[in-house]
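In: Give the three-dimensional model of this entry:
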Amino acid sequence: MEKKHESLKIFFGVLLFGGLWGILEATLGSFLHLPFMEAAGMYACSTTIMVPLAYMCMGTCYKRTGVARSSIYMGLMAAGIKAIVCAIFGLKFNPVYYILMEALVGAIALFVMKPKELISFKGLGTFIIANTVYLVVSTFIRVDLGIKPVADFVANLEKYALTLNCIAILYVFIAGLALYGLKKLAEVKEWKFEGLKKIIYSPITAASVAAVMMVVTFVLR
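Out: Numbering: from 1, shown residues only. Have a look, this model is predicted:
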């Protein structure tokens, strides 16, 4: 019975945070790719905003479920829906590869680091490892060494693994400080969120978020 309870906890955790990840990708991710957002450059692009948010969802799911493989399940869920959309509408499958890669790297980083608290230096270290490895490996997808010179690969590696990675880490550090402050304020004020947590982690909420993710992914694709 206890094993079944843990399995259900993982299942609904993946539905909830995998669905949230998909919703963010379809909404905020689509917004960041709009032409007028190009003026913001590296400070408001998918790499510096969406990738950290993806790892935030994975880390929160890990804290909820207690297993690093939940990130892989989230990736399979999000990538599966995205693959169906790409196949139906004739889109490129590149996002599917990136999602699977993010999930795999995130799971490995969480398994190795095992952060007890996300808002901690160990949590930040987990993100840095996952984000750096992901951006280095994903560079091979962006540059085909069989067609383009090695100089292009080096330029992309510097752009993504160094410049954009540093900006993303800075954003995560600032967000972590803000969340840490809010956490301490909640402790001082003795705010209780048990009722809210029950609503957020309920099966109905998880299923609803997953359903919304499927709809917005198909609509905004």
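In: quick one: which helix or strand includes the most centrally placed residue in the chain?
Out: Nearest to the geometric centre of the chain sits Ala54, at 0.9 Å (C-alpha atoms, centre = their mean). Using DSSP states H and E, Ala54 falls within helix 46-65.
In: which other helices and strands contact the next helix or strand after that helix?
Out: From helix 46-65 onward toward the C-terminus, using DSSP H and E, the following helix or strand is helix 70-89. Helices and strands touching helix 70-89, by 3 or more C-beta pairs under 8 Å, 6 or more residues apart in numbering; DSSP states H and E, are helix 2-32, helix 46-65, helix 94-113, helix 203-220. All C-beta atoms are positioned from the backbone trio N, CA, C, and that covers glycine.
In: May I see the buried residues of helix 70-89?
Out: For helix 70-89, the neighbour count (16 or more other C-beta atoms under 10 Å) marks 70-75, 77-79, 81-83, 85-86 as buried.
In: How about stretch 24-36?
Out: Going by 16+ other C-beta under 10 Å, stretch 24-36 has these buried residues: Leu24, Glu25, Ala26, Gly29, Leu32.
In: Any figure for the gap between the residue nearest to the last one when sequence neighbours are not counted and Ala54?
Out: Okay, so that is Leu32. Nearest residue to Leu32, sequence neighbours excluded (C-beta to C-beta, 6 or more residues apart in numbering): Ser46, at 5.3 Å. Between Ser46 and Ala54 the computed distance is 10 Å (C-beta to C-beta, to the nearest Å).
In: I would like the residues contacting the helix or strand hosting Leu124, please.
Out: Following DSSP H and E, the helix or strand that holds Leu124 is helix 121-142. Residues outside helix 121-142 that contact it (C-beta atoms under 8 Å, 6 or more residues apart in numbering): 47, 51-52, 55, 59, 94, 97-98, 101-102, 105-106, 108-110, 112-113, 115-117, 153, 156-157, 160-161, 164-165, 168-169, 172-173, 176.
In: Thanks a lot, catch you later.
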